[in-house]
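Chemist: structural data only, the sequence is not supplied:
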């Protein structure tokens, strides 16, 4: 439906000082703190996890070399979605100069709508990340289980966890345990790998707790003159970021330096277009983009749903 003069009658009244409702600031680009962005030129992208080799054995004198084989462990798929929205203004509204006065405001509102959808879809990867041990949840990865899980299957059998064994709220103890668990990550063949936490990702409700934990020179909540080990050791060097689209108020996540973790593929970047309709004379404006959010290697992030979940 086109925006008509009857919908904008107040704009025709003389002496109107301001219009409001379309000029709010917006939270945008928060997904860039979580996802690594790549471009795509196809309908979907697939990434294959390779198992690598096991630990090298001792070769006895005169014995032959042992040979190992690498295999494909699983495949992660990113299927792009098209996101689009538009608005139209009637020919009569254009004749009465309403388009010139309102077009910039409506395009800002359109941009806010497009940005909001992108942030919601990005945050949804974390909002649907939890499931019980070994369960797929609502958004399983290539290994068949949820992003944050205590039982990610390994190619050689067994599992690894990127979730606290006992979910806990954000505090000094839970944050330190998360960093210890990250340092214990293994690859698909069970070999220890050097992975470290880089960035704490939190909902808005935890920003004050996070700041005390990350910024205080001394330990929080104690009268002892102990140093804040997390800060003193340079752990989580990229600090913390607030994502306003996370829905669990006590869940927190740590992005690690594991490659090929959480990804945002851009198939078609944002484009806008305006055209006139011959039959109605309406002016139509639209915005469109195409992208996907997901994850390949769950070692790219560690999390807990908090003690209330």
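Modeler: Perfect, I can see it now. These figures come from a predicted structure and were not determined experimentally.

Chemist: in stretch 267-278, what counts as buried?
Modeler: Across stretch 267-278, burial judged by 16 or more other C-beta atoms under 10 Å covers residue 267. Bear in mind the C-beta positions are built from the backbone N, C-alpha and C, glycine included.

Chemist: try stretch 30-45
Modeler: Neighbour counts over stretch 30-45 (16+ other C-beta under 10 Å) mark 30-31, 34-35, 40, 45 as buried.

Chemist: chain center to whichever helix in the chain runs longest: distance?
Modeler: Ranked by residue count, the top helix of the chain under DSSP state H comes out as helix 98-127. From the chain centre to the centre of helix 98-127 is a distance of 18 Å (C-alpha atoms, centre = their mean, to the nearest Å).

Chemist: let me know the outermost residue of this protein.
Modeler: Computed with C-alpha atoms, centre = their mean, the maximum C-alpha offset from the centroid of the chain is found at residue 62, amounting to 53.7 Å.

Chemist: packing partners for the worst-scoring helix or strand of the chain on mean pLDDT?
Modeler: Counting by mean pLDDT, DSSP states H and E, the chain has its least confident helix or strand at helix 91-95, which shows a mean of 77. Helix 91-95 makes packing contacts with no helix or strand when contacts are defined by 3 or more C-beta pairs under 8 Å, 6 or more residues apart in numbering; DSSP states H and E.

Chemist: try it again at 10 Å.
Modeler: If contacts are counted by 3 or more C-beta pairs under 10 Å, 6 or more residues apart in numbering; DSSP states H and E, helix 91-95 sits against helix 98-127, strand 283-295.

Chemist: what distance separates the start and the end of stretch 244-261?
Modeler: Between the opening and closing residues of stretch 244-261 there is a gap of 21 Å (C-alpha to C-alpha, to the nearest Å).

Chemist: on the pLDDT front, check residue 228 for me.
Modeler: We have a pLDDT of 87 for residue 228.

Chemist: tell me, how many residues neighbour it?
Modeler: Close neighbours of residue 228, defined as other C-beta atoms under 10 Å, add up to 18.

Chemist: which outside residues touch the helix or strand just after the longest helix of the chain?
Modeler: As assigned by DSSP states H and E, the chain's next helix or strand after helix 98-127 is strand 152-153. Here strand 152-153 makes contact (C-beta atoms under 10 Å, 6 or more residues apart in numbering) with 73-74, 133-134, 141, 143-146, 158-163, 188, 297-299.

Chemist: now the strands for the stretch 201-309 of the chain?
Modeler: 240-242, 252-256, 262-276, 283-295, 301-304 (DSSP state E, counting those that start in this stretch).

Chemist: can you put these in a markdown table and add distance to residue 91 and mean pLDDT?
Modeler: A markdown table is the format used below for those (distance: least, C-beta to C-beta, whole Å; pLDDT from 0 to 100):
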| stretch | distance to residue 91 | mean pLDDT |
| --- | --- | --- |
| strand 240-242 | 45 | 97 |
| strand 252-256 | 51 | 98 |
| strand 262-276 | 8 | 93 |
| strand 283-295 | 8 | 93 |
| strand 301-304 | 52 | 98 |
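
Chemist: right, so of these, which gets closest to residue 113?
Modeler: Closest to residue 113 of those is strand 283-295 (C-beta to C-beta; 8.2 Å).

Chemist: angle of the closest one against strand 262-276?
Modeler: On the basis of axes from the mean of the first three to the mean of the last three C-alpha atoms, to 10 degrees, strand 283-295 is oriented at 170 degrees to strand 262-276.

Chemist: now do strand 283-295: which elements does it pack against?
Modeler: Judged by 3+ C-beta pairs under 10 Å, 6+ apart, the packing partners of strand 283-295 are strand 44-50, strand 72-79, strand 81-89, helix 91-95, helix 98-127, strand 262-276.

Chemist: so for the third one, mean pLDDT?
Modeler: The reference is to strand 81-89. Mean pLDDT, computed over strand 81-89, is 92.

Chemist: list the buried residues of that strand.
Modeler: Going by neighbour count (16+ other C-beta under 10 Å), the buried part of strand 81-89 is 83, 87-89.

Chemist: same deal with stretch 297-309?
Modeler: Neighbour counts over stretch 297-309 (16+ other C-beta under 10 Å) mark 297-306 as buried.
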